[in-house]
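S.K.: My questions are about this predicted structure, shown below with the sequence.
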Protein chains: 2
Amino acid sequence: MSSLSSQPYKGTRDYYPEDKRIQNYIFDVWGKTAESFGYEEYGSPMLEPLAVYAAKSGQEIANEQTYSFTDRGDREVAIRPEMTPSISRMVAARRQEMAYPARLYSIANFMRYERPQRGREREFWQLNVDIFGVDSVQADAEVISYGDQMLKAFGATSDMYAIRINNRKVIDVVMSDYLGLNVIQSQLMIKLFDRKNKISSEDFRDQAIDIFGEEHAPVGLQKISTLLTVKSFDMLPEQLLENEDVQELKQVFALVEKSGVTNAQFDITLMRGFDYYTGTVFEFFDTHPDNNRSLFGGGRYDGLVGLFGAEPLSAVGFAPGLTTTELFLTSHDLIPELKSSTDVYLVVLGENTLDGANVFARQLRAEGVKAELDITLRKIDKQIRTAIKKNIPFMIFVGKEELESKLYALKDTSSSEEQKLSFERIVSTVKDRRRSAKDDLDDLIDSI
Amino acid sequence: MSSLSSQPYKGTRDYYPEDKRIQNYIFDVWGKTAESFGYEEYGSPMLEPLAVYAAKSGQEIANEQTYSFTDRGDREVAIRPEMTPSISRMVAARRQEMAYPARLYSIANFMRYERPQRGREREFWQLNVDIFGVDSVQADAEVISYGDQMLKAFGATSDMYAIRINNRKVIDVVMSDYLGLNVIQSQLMIKLFDRKNKISSEDFRDQAIDIFGEEHAPVGLQKISTLLTVKSFDMLPEQLLENEDVQELKQVFALVEKSGVTNAQFDITLMRGFDYYTGTVFEFFDTHPDNNRSLFGGGRYDGLVGLFGAEPLSAVGFAPGLTTTELFLTSHDLIPELKSSTDVYLVVLGENTLDGANVFARQLRAEGVKAELDITLRKIDKQIRTAIKKNIPFMIFVGKEELESKLYALKDTSSSEEQKLSFERIVSTVKDRRRSAKDDLDDLIDSI
């Protein structure tokens, strides 16, 4: 039989312990900051009926990007390409019983059939943070300020990213009242704006002309040029200044700024791809010159819960991705040194001591020390090399003499410092190190 | 448009916060106990090439139970139905670079197309714990004793479960030397033994006769009867007593018992379904009369890494499932009371105090308190009801007076006790409660 490939499926990633440490660090900061705002964790199935995405995620995702198939019971299903429809379905199922505002978060994996590239994989992980049941822009502002504080918990400063905010209702007014487009033209123009940074300015121009039609194109293009220069509310065309949706958007800015956010920008060209947004939309952008990309985004989607046969419910949420977060942290040198989860590696000196070393390991574990025992009876230098390769902070040498004297040689793997210590001292030394490493991270998270 | 169903896909489960708390508790004990032995966490993709399972998982899983389909690039893929092939593939890909013994664990979801029933879902979660690179039975014994200690970390005692152990090589000897079966007959008989508890004794008998053939059936059935009475090594048919594989199995028992396990039993009829096992196999069984079922199992599978084009490598592992673990804990009343992850719910007394309450919430979060703010401006009783429904330990009432006096009413949600406290006292009271709840769990885990 020819051998099977050892490579992961195209566009997916294996997480070896050293990669998983970084993933866990990011998940940990996500979870802790979400819980600090009172968001509670939930989970959803990896498969959903395909119809769920056809309804509102947008054509491209449902038709071209889902991993969809027919199951053995003839049901059309899809691996979830995003979380918003799933959590909306879950909330709809308990529409009456749930306590509102419902603040919910999850950390889960998703799949989309896209061309893999830097920052985009076919299987990807996301944090999803949503508030259900708050009509006022207080919720929009909270979610945005949560995003800000979450990045700060990673050690980021305001200059490392920008927060761009817009509103779907304002977009609609711009499309109809200012650009004079009908509903179908508006849809096309929104999609075009959404692709703006992915296509050339010639392509953008040509496609805009197609949407306006020959006759209206000159005036239309002129107006788009004006829009593209808008960097603040007072630069809006006069007819939009007093619009009530613009006023709502201004309120979001006021609240977000009150919560300490200093880098929020009004961006009239920000659309967000999903069809389900109904109000505020926002995106966090990395400002690093080598990694100038959207970090994550979200918005208000008041219509989605109602699609699942329940009374409609207002909702605001957003979803940072693991890969973009990791690229952001790497660009700004914000990933801390992450050691093995194991505290000590027990190097066994000779076959006769293996039983004793086993007992010793159990005693350490009973005191909360994470102790890995070398059970291979290999030469000592090989055992030591294993501990170093695994990036375990300490080694303990366990031989006949050590077991009898009850004094053990504890070696710091990185400094090579060695001390002869009693069992109690070993436990306290190892736990002190772990506590101080953990405190560094906790301080970062608490300091938001 | 007719509305979409709010029910999850058949055989899968939604985890609302109160369900997710139990899931997280189990994941937490799994992770902490695995790390206490020095296992490090990894992750693998949810899709693998279908061929991976066709090779060694066994016909039934690959052909009848996988969620397999052809992707948009014409590749035959499957949602992982188990972890062992994935981690074997990952180890094979880094066969040369990895440090051995490699102790690895993961907590992940899987799918199999089976008829959903109590204790069995189409999407299910498992802990997978594996050691690679140890030829000796030290590894077999460690994994079994880890399973024992993991259950004890949940608060279980030895009488609540039994550990049944066998060996694939011993099984082969029994099939060939004792029952006189050829290779094909042996395969069929192993599958039949594996189904023994799922079919009637008449069916078992009839199928056994088919395998032996008319002529050999009488003697064969007699020998099977003898086998079924074997409860210890000395009850084995004499010709097996001195067999070297039986000796290896005895060594496993000796080591397991040295590590403090008191409930290990030799079970010559234990087979384990997967084709890839090559040595020790074992299963943990719940002894509760209402939940008499297999909890989880595992074994040695030395051949799997080699299938992925790498030099062969010995491996031992096992995989407890979330659902069976939860049923076990429920049967034995071992699930602790689990509150919301949120510490305090801020009840806002009047619109004018919302800004001040927002500032107050941020101050609490900066001190590590998980504080949820009611931003709805609803009547106070509705806000209180939300806090109670969410099972949040404390409420704080934030009004104009409180913000001015800097004394806040902290109410214990379950006892309804109320105290007027300063900011500092609130922080310490809330954190003390969380610490003591967490310590209860940590003590349980450390006491293994």
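M.R.: Done, it's in.
S.K.: between the helix or strand hosting residue A:24 and helix B:17-36, how big is the angle?
M.R.: For residue A:24, the host element (DSSP states H and E) is helix A:17-36. For helix A:17-36 against helix B:17-36, the angle by axes from the mean of the first three to the mean of the last three Cα atoms, to 10 degrees is 150 degrees.
S.K.: Let's test this: mean pLDDT of the next helix or strand after helix A:17-36, rounded?
M.R.: Per DSSP H and E, the first helix or strand lying C-terminal to helix A:17-36 is strand A:40-41. Taken as a whole, strand A:40-41 carries a mean pLDDT of 98.
S.K.: can you check stretch A:158-177 too?
M.R.: So the average pLDDT for stretch A:158-177 ends up being 94.
S.K.: gap between the two ends of that stretch?
M.R.: Using Cα to Cα, to the nearest Å, the end-to-end distance of stretch A:158-177 comes to 35 Å.
S.K.: is that stretch anywhere near chain B?
M.R.: No. Stretch A:158-177 stays clear of chain B (Cβ under 8 Å from any Cβ of the partner chain), getting no nearer than 15.8 Å. Using the backbone N, CA and C atoms, a C-beta is placed for each residue, glycine as well.
S.K.: Residue A:414 - how many residues pack around it?
M.R.: Using other Cβ atoms under 10 Å in any protein chain shown, residue A:414 has 12 neighbouring residues.
S.K.: isn't there a helix covering it?
M.R.: No. Going by DSSP: H, G, I helix; E, B strand; the rest coil, the assignment for residue A:414 is coil, not a helix.
S.K.: Isn't it up against residue A:395?
M.R.: No. Using Cβ atoms under 8 Å, residue A:414 is not in contact with residue A:395; the gap is 10.9 Å.
S.K.: quick one: buried residues of the helix holding residue A:24?
M.R.: Of all the residues in helix A:17-36, those buried under the rule 16 or more other Cβ atoms under 10 Å in any protein chain shown are A:17, A:20-27, A:29-36.
S.K.: Around chain B, which positions in the stretch 51-200 of chain A sit nearby?
M.R.: A:51-52, A:55, A:67, A:69-73, A:75, A:77, A:79, A:89-90, A:92-94, A:99-101, A:103-104, A:109, A:111, A:113, A:123, A:133-134, A:136, A:138-139, A:142, A:149.
S.K.: Give me the buried subset of those residues.
M.R.: Buried members of those, scored by 16+ other Cβ under 10 Å, are A:52, A:55, A:67, A:69, A:71, A:77, A:79, A:89-90, A:92-93, A:99-101, A:103-104, A:109, A:111, A:113, A:123, A:133-134, A:138-139, A:142, A:149.
S.K.: now, which of the buried residues of helix A:17-36 lie close to chain B?
M.R.: A:17, A:20, A:23, A:24, A:35, A:36.
S.K.: The fourth one contacts residue B:41, doesn't it?
M.R.: The one in question is residue A:24. Yes. With contact defined as Cβ under 8 Å, residue A:24 counts as touching residue B:41 (6.7 Å).
S.K.: re earlier: what about the buried ones among the residues of the stretch 51-200 of chain A next to chain B, which are in strands?
M.R.: Secondary structure assignment by DSSP state E places A:67, A:69, A:77, A:79, A:103, A:104, A:109, A:111, A:123 of these in strands.
S.K.: From these, pick the one nearest chain B.
M.R.: residue A:69 (3.6 Å; Cβ to the nearest Cβ).
S.K.: now the helices: where do they sit in the stretch 201-350 of chain A?
M.R.: A:201-212, A:217-228, A:238-241, A:244-258, A:322-331 (DSSP state H, counting those that start in this stretch).
S.K.: one step back: CSV for the ones in strands among the buried ones among the residues of the stretch 51-200 of chain A next to chain B, including pLDDT?
M.R.: Below are these laid out as CSV (pLDDT from 0 to 100):
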residue, pLDDT
A:67, 95
A:69, 95
A:77, 95
A:79, 97
A:103, 98
A:104, 98
A:109, 97
A:111, 96
A:123, 97
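S.K.: Residue A:373: which of the residues you listed is nearest?
M.R.: residue A:109 (33.0 Å; Cβ to Cβ).
S.K.: so what's the closest one bridging to?
M.R.: Counting by DSSP bridges, residue A:109 forms beta bridges with residue A:125.
S.K.: burial of the closest residue to chain B within the stretch 1-150 of chain A, as a residue count?
M.R.: Scanning the stretch 1-150 of chain A for proximity to chain B using Cβ to the nearest Cβ identifies residue A:38 as nearest, at 2.3 Å. By other Cβ under 10 Å, the residues close to residue A:38 number 27.
S.K.: surely it meets residue B:369?
M.R.: No. Using Cβ under 8 Å, residue A:38 is not in contact with residue B:369; the gap is 10.4 Å.
S.K.: what angle do the helix of greatest length in chain A and helix A:17-36 make?
M.R.: When chain A is scanned for its longest helix (criterion: DSSP state H), the result is helix A:423-446. Angle, helix A:423-446 to helix A:17-36, by the same axes, to 10 degrees: 60 degrees.
S.K.: was I right about residue A:64 contacting residue A:115?
M.R.: No. In this structure residue A:64 lies outside contact range of residue A:115 using Cβ under 8 Å: 11.3 Å.
S.K.: neighbour count winner among these two?
M.R.: Remark: of residue A:64 and residue A:115, residue A:64 carries more neighbours, 11 against 7, as counted by other Cβ under 10 Å.
S.K.: Quick check: the more buried one vs residue A:324, distance?
M.R.: Applying Cβ to Cβ, to the nearest Å, the value for residue A:64 to residue A:324 is 21 Å.
S.K.: what's the pLDDT at residue A:96?
M.R.: 94.
S.K.: To what extent is it buried, counted in neighbours?
M.R.: So residue A:96, with other Cβ under 10 Å, has 7 neighbours.
S.K.: Then residue A:121?
M.R.: By other Cβ under 10 Å, neighbour count at residue A:121 equals 21.
S.K.: Likewise for residue A:214?
M.R.: Residue A:214 has 8 nearby residues by other Cβ under 10 Å.
S.K.: residues contacting it?
M.R.: If you count contacts by Cβ atoms under 8 Å, 6 or more residues apart in numbering or on different chains, residue A:214 has none.
S.K.: Model confidence for it, exactly?
M.R.: Per the predicted model, pLDDT is 90 at residue A:214.
S.K.: what's the spacing between it and residue A:221?
M.R.: 12 Å.
S.K.: where does the stretch 301-448 of chain A dip in pLDDT?
M.R.: A:441, A:443-448 (pLDDT under 70).
S.K.: Which residue ranges of it form strands?
M.R.: A:315-318, A:344-348, A:371-373, A:394-398, A:407-412, A:418-422 (DSSP state E, counting those that start in this stretch).
S.K.: What is the neighbour count of residue A:416?
M.R.: The burial count for residue A:416: 9, using other Cβ under 10 Å.
S.K.: distance of it from residue B:66?
M.R.: Taking Cβ to Cβ, one finds residue A:416 at 50 Å from residue B:66.
S.K.: Beta-bridge partners for the closest residue to residue A:297 other than its chain neighbours, please?
M.R.: Once flanking residues are discounted, residue A:297 sits nearest to residue A:283: 3.6 Å by Cβ to Cβ, 6 or more residues apart in numbering or on different chains. Under DSSP bridges, the beta-bridge partners of residue A:283 are residue A:164, residue A:297.
S.K.: check contacts around residue A:283.
M.R.: By Cβ under 8 Å, 6+ apart, residue A:283 lies in contact with A:163, A:164, A:267, A:270, A:272, A:294, A:295, A:296, A:297.
S.K.: If we only consider these, which is nearest to residue A:251?
M.R.: Of those, the one sitting nearest to residue A:251 (Cβ to Cβ) turns out to be residue A:163, at 15.7 Å.
S.K.: ok, back up a step: in the ones next to chain B among the buried residues of helix A:17-36, find the pair that's most separated.
M.R.: Spatially, the most separated pair among those is A:17 and A:36, at 27.7 Å (Cβ to Cβ).
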